[in-house]
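Show me the folded form of this:
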Amino acid sequence: MYFDRIMSTSQEQKLIEFLCTLRQSAAQLIESTHSTFTHALESAPSKNFNEEDQQMINGWQEEIKSAYKNLNEL
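The predicted model follows:
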């Protein structure tokens, strides 16, 4: 039956709370990853990466920054 498939308000609220918790966890993980990534780069004994590796590293760092920024804009 159609009505059996409709979630109750209580079920919807629990799902929203669960999704909110997942989003917050993702934001915290991304923030931690960004911090660790940046620290690792800053403390690298040598920063003499070849051009290809430097571009790859810069791309990764920008992806992490962008993910963190996008999650925190909402």
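
Now for the protein, the helix or strand with the poorest mean pLDDT.
Within the chain, no helix or strand scores below helix 2-5, which has a mean of 54 by mean pLDDT, DSSP states H and E.

any idea which element the residue positioned nearest the centre of the chain lies in?
Averaging the C-alpha coordinates of the chain gives a centre point, and the residue nearest to it by C-alpha atoms, centre = their mean is residue 30 (3.7 Å). Assessed by DSSP states H and E, residue 30 sits inside helix 9-42.

Please name every helix or strand in contact with that helix.
On a contact count with 3 or more C-beta pairs under 8 Å, 6 or more residues apart in numbering; DSSP states H and E, helix 9-42 meets helix 51-72. Just so you know, the C-beta spots here come from the backbone N, C-alpha and C atoms, and that holds for glycine as well.

quick one: contacts of the helix it packs on?
Helix 51-72 has contacts (C-beta atoms under 8 Å, 6 or more residues apart in numbering) with 23, 26-27, 30-31, 33-34, 37-38, 41, 49.
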